[in-house]
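Participant: how does the following fold in three dimensions:
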Amino acid sequence: MKLSSIKYMAVASLLTLGMTSCEKYLDKPTEDNYVADGYYKTDAQCLAGTAYLYNSPWYDFQRGFIKVGEVFSGNYYWGSSPYMSFTLNGSDQDLINMSYSLWAVIAHCNTVYDYLKASTASEAVKNQCMGECLTWKAMAYFFLVRSFGDIPIVHNTSEELAAGTYSTAQKVKRADVYEYIVMTLEEAMRILPKTPLEKGRIDYYSAEGLLAKVYLTKAGVTGQLSSEDLQNAAKYAKDVIDNSGRSLLPNYSDVFRLQNNKSEESLIAFRWSCINGEWTAQNTLQSDLMANGFDEFGDLWGGWNGISVDLQNAFGVDLTTQSPDTWINNVDTRLKATMMLPGFKYEYFWQDHDMGGGQRGFDYLKFIFDDVYNPSVQVTDGQIVCQSATGSNTVKHLYGDDYDHVTGTGHNASRMSYSLATHILRLSDVYLVYAEAMLGANRATTTNKDALDAFYAVRHRAVPNYEYPTSLSWSDVWKERRLELAMEGDRWYDFVRVSYYDPDFCVNELMNQKRNALWNVSEAYRTYYQTGAWPGGIAYDDQTAKPTVNSLMKTDPDTGKQYFFMPFPSEDVVFNPNLASNVNGVHVDVRATYSY
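Facilitator: Predicted structure coming up:
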């Protein structure tokens, strides 16, 4: 759904946010729809009037968040999707929705920021809220530049519209966009408190953690890794680690539970709400990612997709050669918290359901094959079957049924509407940013104790018997990021940033992934469920052709190296030909051109 007809929850009773339509990347709240003289005046109004930036403008990004971050990267199987085959073009609706959502975030942040500057609220609240606007704006640009490459910069939406330059705006070089993001986050950090005024909201360390990750990405944009950028990434990450007062939750799976929506590990998150039923304020990812019957609203259609064979293999799981004992006894606790496999049971889902044996919870195989336990089992040709083409569904982004939702939040879910937070930047990510940055521009193995400590903290939480390492390599961190952040919309962007300076590595890894489906899954799972004996017989589809990965790469005219990009929506290009894929960005001295 476009953002043109939204009444946002945070200010629904006081003002309506409409949209004007010029260039979609300049969509902004229309000022004449605001009760400008009567809002953003008090502390309470400012806090309420920025809270919606945590959800509504991001709503149409949700599907792109998974398809780009996880399907492109080979972590998730999504049938015949162009994100599987790298055949994406500018007419793809999920691409269009994703792009418009990100530009809408920027427009709303710009507009609310302007209102806050003129507010008569207390300085502390104004700084908190203005810092939130700047951090969310930087986050939107961070997603845009990693997705589309060179992009326009819209510093002040009202001024751009008044000038009428939106149909001739030019794309800006990636390096300059990254500098603009850095500048924006520096300003956010200057005014944000080190402890947020309300739990779960962005603070100084949230912006600083994002700045560390931006520097790690920016480090390669010139075609080779910049030691200075890596040093900055390490400096800012280390400050978050040492001084934020935050720590990793002891149990990995707890990070993704409803009751921990605002845990200290979550630095930045989409904080969805479904309390008052305002459309676009709510999370809908469970509908896309899980099979029908998991909740009671009949709003689930993701059962046919699943965790990729390649990600299963990365966790040490091979359904074609192993038996269930192997993955049931896997020592990495992130495995069960990331993907459902036969034999896995979850005490935090379906807490009102009887699994048998006096236990309550969710049994994955029982859910697939028991039509009493799950009346919505999939029946094909008169036989109950496993829907997932890879034999595994995701765990992350699921809340369970309505009983689970009430237990975790105190209020009900409804059709395509739930309050589970989507974590965009977690503390463990910052730990791994630090570890990678400390490897330096030559990506050499290190024995630096601080780097080893950061890596160990992440891995030891997931693998309790993991021994403290004696050294750390770039490939160690590369793999650890995949396992730690799987299904969190991040993996593709790791490929993008590494493609800036080592495109051959990225293309080779993607081309050698196991991205296809598995055969004979239902037969094997059914036998195991009925007899308790694992029959084997599952095979990997090696007939479907590998994707042409470099079809979505373009050559940087300055570095001569290829990097990953996505095309702008076709209708934007028709409106403004400067946005076409064959048009390169122009250099802009952002420090001299823009100011806050």
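Participant: contacts only, for the residue of the chain most remote from its centre.
Facilitator: No residue in the chain has its C-alpha farther from the mean C-alpha position than residue 531, which lies at 39.5 Å (C-alpha atoms, centre = their mean). Neighbouring residues of residue 531 by C-beta atoms under 8 Å, 6 or more residues apart in numbering: there are none. Any C-beta I mention is one placed from the backbone N, CA and C, and that applies to glycine too.
Participant: try residue 559
Facilitator: With C-beta under 8 Å, 6+ apart, residue 559 has these contacts: 222-223, 500.
Participant: mind redoing it with 6 Å?
Facilitator: Contacts for residue 559 (C-beta atoms under 6 Å, 6 or more residues apart in numbering) come out as residue 223.
Participant: torsion angles phi and psi at the residue farthest from the centre of the chain?
Facilitator: phi -120, psi -20 (degrees, to the nearest 10).
Participant: same question for residue 548.
Facilitator: phi -90, psi 90.
Participant: let's see the pLDDT reported for the residue nearest to it when sequence neighbours are not counted.
Facilitator: Distances taken as C-beta to C-beta, 6 or more residues apart in numbering place residue 86 nearest to residue 548, at 5.8 Å, with adjacent residues excluded. As predicted, residue 86 sits at a pLDDT of 98.
Participant: would you agree residue 86 is in contact with residue 546?
Facilitator: No - checked against C-beta atoms under 6 Å, the pair residue 86 and residue 546 is beyond contact range at 9.6 Å.
Participant: in whatever helix or strand residue 509 lives in, what counts as buried?
Facilitator: Assigned by DSSP states H and E, residue 509 falls within helix 503-511. Applying a neighbour-count criterion of 16 or more other C-beta atoms under 10 Å, the buried positions in helix 503-511 are 503, 506-507, 509-510.
Participant: so in the protein, where's the weakest helix or strand by average pLDDT?
Facilitator: Among the helices and strands of the chain, helix 157-163 carries the lowest confidence by mean pLDDT, DSSP states H and E, at a mean of 88.
Participant: would you mark the buried spots in that helix?
Facilitator: Buried residues in helix 157-163 (16+ other C-beta under 10 Å): 157, 160-161.
Participant: for it, C-alpha coordinates in PDB please.
Facilitator: In PDB, the C-alpha atoms belonging to helix 157-163 read as follows (Å, rounded to 0.1, in the frame of the first residue of the first chain):
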ATOM      1  CA  THR A 157      12.100  18.200   1.000                       C
ATOM      2  CA  SER A 158      10.100  21.500   1.100                       C
ATOM      3  CA  GLU A 159      13.000  23.400  -0.500                       C
ATOM      4  CA  GLU A 160      13.300  20.800  -3.300                       C
ATOM      5  CA  LEU A 161       9.600  20.900  -4.100                       C
ATOM      6  CA  ALA A 162       9.500  24.700  -4.000                       C
ATOM      7  CA  ALA A 163      12.500  24.900  -6.400                       C
END
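Participant: quick check: next helix or strand after it?
Facilitator: According to DSSP H and E, the helix or strand after helix 157-163 is helix 174-191.
Participant: who are the packing partners of that following helix?
Facilitator: When contacts are defined as 3 or more C-beta pairs under 6 Å, 6 or more residues apart in numbering; DSSP states H and E, helix 174-191 sits against helix 123-148, helix 204-218, helix 590-593.
Participant: can you classify residue 197 by secondary structure?
Facilitator: At residue 197 the chain is in coil, as set by DSSP: H, G, I helix; E, B strand; the rest coil.
Participant: ok, how many other residues are close to it?
Facilitator: Counted with other C-beta atoms under 10 Å, residues neighbouring residue 197 total 17.
Participant: ok, residue 277 next?
Facilitator: Per other C-beta under 10 Å, the neighbour tally for residue 277 reads 11.
Participant: tell me which element it is part of?
Facilitator: Judged by DSSP H and E, residue 277 forms part of no helix or strand.
Participant: for it, give its distance to residue 258.
Facilitator: 18 Å (C-beta to C-beta, to the nearest Å).
Participant: now do residue 453
Facilitator: Distance of residue 453 to residue 258, given as C-beta to C-beta: 31 Å.
Participant: more neighbours: the two, which one.
Facilitator: residue 258 (20 against 15).
Participant: who's in contact with the helix holding residue 509?
Facilitator: Against helix 503-511 from outside (C-beta under 6 Å, 6+ apart): 495, 498-499, 546, 549-550, 561-562.
Participant: which of these are buried, as a PyMOL select command?
Facilitator: Per 16+ other C-beta under 10 Å, the buried members of those correspond to this PyMOL selection:
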select buried, resi 495+498+499+549+550+561+562
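Participant: farthest-apart pair in the contacts of helix 503-511, please.
Facilitator: Greatest spatial distance in the contacts of helix 503-511: 546 and 561, 22.2 Å, computed using C-beta to C-beta.
Participant: of the helices and strands packed on helix 174-191, which is nearest residue 103?
Facilitator: helix 123-148 (7.6 Å).
Participant: how much space between the closest residue to residue 235 other than its chain neighbours and residue 146?
Facilitator: Spatial nearest neighbour of residue 235, excluding adjacent residues (C-beta to C-beta, 6+ apart): residue 212 at 7.9 Å. From residue 212 across to residue 146, the span is 15 Å (C-beta to C-beta).
Participant: what about the closest residue to residue 187 other than its chain neighbours, how many residues close to it?
Facilitator: In this structure, residue 187 finds its nearest non-sequential neighbour in residue 596, 4.4 Å apart by C-beta to C-beta, 6+ apart. Neighbours of residue 596 under the rule other C-beta under 10 Å: 14.
Participant: residue 538 against residue 525, yeah?
Facilitator: No - using C-beta under 6 Å, residue 538 makes no contact with residue 525, being 8.9 Å away.
Participant: compare those two (neighbour count), which wins?
Facilitator: The neighbour comparison of residue 538 against residue 525 (other C-beta under 10 Å) goes to residue 525, with 25 against 21.
Participant: pretty sure the more buried one sits against residue 340.
Facilitator: No - with contact defined as C-beta under 6 Å, residue 525 and residue 340 do not form a contacting pair (11.4 Å).
Participant: which stretches in the protein count as strands?
Facilitator: Taking DSSP state E, the strands of the chain run over residues 76-77, 266-270, 306-307, 345-346, 354-356, 359-360, 362-363, 379-380, 383-384, 422-426, 518-519, 539-540, 553-555, 562-564.
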